[in-house]
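Colleague: what follows is a predicted protein model with its sequence.
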Amino acid sequence: MAEEKRQPSRRDFLQMSAATLAGAALASRSEALLPASPQGGGTPSASEGIDLPNLTIAQAAEQIRRKRLSPVELTQAVLNRIDRLNPKLGAFITVAADQALEAARAAEREIQQGRYKGPLHGIPFGVKDTHYTAGILTTAATPVLRDFRPDFDCTNVARLKNAGAILIGKLNLPEFSFGGYTPGCNNPWDLSRNAGGSSGGSGCALAASLVLGATGGDTSGSIRNPASTNGCVGLKPTFGLVSRYGVIPISWTLDHLGPMAKTVQDTALLLNALAGYDPLDGFSAPVSPQDYTRQLRRSIRGLRAGYIAESQIAQFHPDTKKAFFEAVKVLEGLGAHLQEVVFPERMLATGAAHGVIRIAEAAAYHREFLRTKADLYKTTDSNVRTTVEAGSLITASQYLRCQRARRLFVEDMAKVFEPLDVLLTPTMPAPADVEVEVPETYRNWWNLCGYPALSLPCGFSSDPPGLPLGLQVNAKPFQDATALAVAYAYESATDWHKRHPNL
Amino acid sequence: MAVDRDFIRNLAEANGLHIPEQRLDAVLRQYQSFLRSIERVDTVPLPRETEPALDYSLESIRPPSGNAASGGRR
């Protein structure tokens, strides 16, 4: 990230009028850096010389809270970076620049008037283009919804806006979120490779610093796949912890929404805003708000950490296995008590229920589209139409047998987890676009049982070189804070998250 | 009954869907892959009292006291 220009900016936006600031920021067309020498006599910045889009949420929030960084300037710097990089990355489907700048100016005014809302105030974020956004196209990357402009924000967008965050735009995905490959979205670490999916735009935008925070959707691993593939953090929370209301679904009983960010701390900050009961989501859990950042620094000494046996991931890529077992050793060094885990054979069979439940529910959602807009589905880079047509032929009896098998799966998972606090696996079987044949990926299992599952960077591949690898940390239901604490401990002991792609 | 193009066509019609002739082979292949998953699930004996997880309850795995959750899911 050496090519960004140094741009003089304001030291203390309270010393200037909001209008002046906004005008200056709008005039700026470069990716701003916090200044090396203060203007207007402000206190020297703790982040001098750091390019603004590369800041984490926590870092930017500290500058904004101390009134050393204007939300307008930060938003403009992010928009400038999107202008420069999105054509070759394809992370965004829609950039809502005007709305973002308007929201940033409002945030600036609020902070100026002493109404600081907290660490998301003035922070630019993006959402997967399945999230309803009032007045902004919401396409799910399908021609079926090419003109769809919702008249309300989904719960997650509303909650992030209420926390003061700035919606920058809508992020790329495969058609209707189907699949782990996002057409047209390139991996910032190697532009010849894909960003994964289905929340590929979210992972790509974070790795390339086109947003400071994002959301994703996860039915079979679609938050964790791009988090791992792009070298960022993604949390599929416990089922019911984060509302799905106002988001285009795949499968009502498997879909999860959650935060994606550059660091574990940022992920916790986003979860603070997103988590909580929503009466508009029929599966929402009656949980009280809590501060997930407060538990990040708790010791993991004595914590019971299961890790998947090598025999169960024998066909995973060698670099993936090497990075995984080294990560396990790091956690052991931090005081975790390790236990090797071999999943019961029965789970490999009952786990197959996931694919049937997923597509039977998806077919029910797509029925109207199949009857009225079937010819609008994509014919290249997508098999959604074929899949939901075939899914429409699954009988109620077959579906319910799979839901009964799911009950056994959940019971088995509870037994596996009984002596554990967390269970560790690699997030992906291999680096981006590297094909390996594996009997089980251990990703959609966490959708089937609803347990929280987080992916964070744990290394880079050597063959092919330089591609991010992910560690998956799974915890018991509603113990999302435990997964975050383990991830934070690991992240603090390593420096994978400090590396950035050369764009 | 053979699972073939006619089967797919008829089952789709019974479900109120028309699948064009040129799409039948692709849909057939996809449907057969779902059948393989169902066959795999069906290798597991289901105890008679096992109910479907439609309510998808985590009630039996309540969070420990002190956690933010005030109860399990419905």
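Modeller: Looks like it came in fine. Numbering: from 1, shown residues only, chains lettered A, B, ... in the order given.
Colleague: what secondary structure does residue A:225 sit in?
Modeller: helix (DSSP: H, G, I helix; E, B strand; the rest coil).
Colleague: ok, it - contacts?
Modeller: Going by C-beta atoms under 8 Å, 6 or more residues apart in numbering or on different chains, residue A:225 touches A:180, A:196, A:197, A:198, A:199, A:203, A:427, A:428, A:443. In this view, the C-beta of every residue, glycine as well, is placed from N, C-alpha and C.
Colleague: just put these in a markdown table and tack on pLDDT.
Modeller: Formatted as a markdown table, the contacts of residue A:225 follow (pLDDT from 0 to 100):
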| residue | pLDDT |
| --- | --- |
| A:180 | 97 |
| A:196 | 98 |
| A:197 | 97 |
| A:198 | 98 |
| A:199 | 98 |
| A:203 | 98 |
| A:427 | 98 |
| A:428 | 98 |
| A:443 | 97 |
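Colleague: can I get the residues you listed in a markdown table including distance to chain B?
Modeller: Below are the contacts of residue A:225 laid out as a markdown table (distance: C-beta to the nearest C-beta, whole Å):
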| residue | distance to chain B |
| --- | --- |
| A:180 | 16 |
| A:196 | 22 |
| A:197 | 19 |
| A:198 | 18 |
| A:199 | 22 |
| A:203 | 27 |
| A:427 | 23 |
| A:428 | 21 |
| A:443 | 16 |
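Colleague: residue A:274 touches residue A:162, doesn't it?
Modeller: No - proximity of residue A:274 to residue A:162 does not meet the contact threshold set by C-beta atoms under 8 Å, at 10.8 Å.
Colleague: those two: which is more packed in?
Modeller: A count of neighbours by other C-beta atoms under 10 Å in any protein chain shown puts residue A:274 above the other of residue A:274 and residue A:162, at 23 against 12.
Colleague: residues of the stretch 401-503 of chain A that sit close to chain B?
Modeller: Residues of the stretch 401-503 of chain A lying close to chain B by C-beta under 8 Å from any C-beta of the partner chain are A:401-408, A:410, A:414, A:450, A:476-479, A:481.
Colleague: of those, which belong to strands?
Modeller: Judged by DSSP state E, the subset of these located in strands is empty.
Colleague: which parts of chain B are helices?
Modeller: Applying DSSP state H to chain B gives helices spanning B:5-14, B:24-41.
Colleague: hmm, who's touching the longest one?
Modeller: So that's helix B:24-41. Contacts of helix B:24-41 (C-beta under 8 Å, 6+ apart): A:349-350, A:352-353, A:355-356, A:359, A:383, A:386-387, A:389-391, A:393-394, A:398, A:401-402, A:405, B:3-5, B:7-9, B:12, B:19.
Colleague: in PyMOL, how would I select just the buried ones from those?
Modeller: Here is the PyMOL command that selects the buried residues among the contacts of helix B:24-41 (16 or more other C-beta atoms under 10 Å in any protein chain shown):
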select buried, (chain A and resi 349+350+352+353+355+356+359+383+386+387+389+390+391+393+394+398+401+402+405) or (chain B and resi 8+9+12+19)
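Colleague: among the contacts of helix B:24-41, which are in helices?
Modeller: A:349-350, A:353, A:355-356, A:359, A:386-387, A:389-391, A:398, A:401-402, A:405, B:5, B:7-9, B:12.
Colleague: if we can go back for a sec, out of the helices of chain B, which gets nearest to residue A:56?
Modeller: Closest approach to residue A:56 among those is made by helix B:24-41 (41.0 Å; C-beta to C-beta).
Colleague: mind listing what's buried along that closest one?
Modeller: Buried positions in helix B:24-41, judged by neighbour count with 16+ other C-beta under 10 Å: B:24, B:26, B:27, B:28, B:30, B:31, B:34, B:35, B:37, B:38, B:40, B:41.
Colleague: what do you get for stretch A:81-92?
Modeller: Neighbour-count burial for stretch A:81-92, counted by 16+ other C-beta under 10 Å, picks out A:81, A:82, A:84, A:85, A:86, A:89, A:90, A:91, A:92.
Colleague: same deal with stretch A:257-273?
Modeller: Using 16+ other C-beta under 10 Å as the test for burial, stretch A:257-273 gives A:257-273.
Colleague: also stretch A:304-312?
Modeller: Under the neighbour-count criterion of 16+ other C-beta under 10 Å, stretch A:304-312 has A:305, A:306, A:307, A:308, A:312 buried.
Colleague: any idea how far apart the tips of it sit?
Modeller: End-to-end span of stretch A:304-312 (C-alpha to C-alpha, to the nearest Å): 20 Å.
Colleague: hmm, who's touching that stretch?
Modeller: A:321, A:324-325, A:328, A:331-332, A:336-343, A:416-417, A:419-426, A:440, A:442, A:486.
Colleague: let's see which of these end up in strands.
Modeller: Using DSSP E, the subset of these located in strands is A:337, A:338, A:339, A:340, A:341, A:422, A:423, A:424, A:425, A:426.
Colleague: confidence score at residue 52?
Modeller: Reading this off chain A. Per-residue pLDDT puts residue A:52 at 91.
Colleague: think we crossed wires, I meant chain B
Modeller: With respect to pLDDT, residue B:52 scores 92.
Colleague: check contacts around the closest residue to it other than its chain neighbours.
Modeller: Distances taken as C-beta to C-beta, 6 or more residues apart in numbering or on different chains place residue A:403 nearest to residue B:52, at 3.5 Å, with adjacent residues excluded. When contacts are counted by C-beta under 8 Å, 6+ apart, residue A:403 touches A:253, A:353, A:357, B:52, B:53, B:54.
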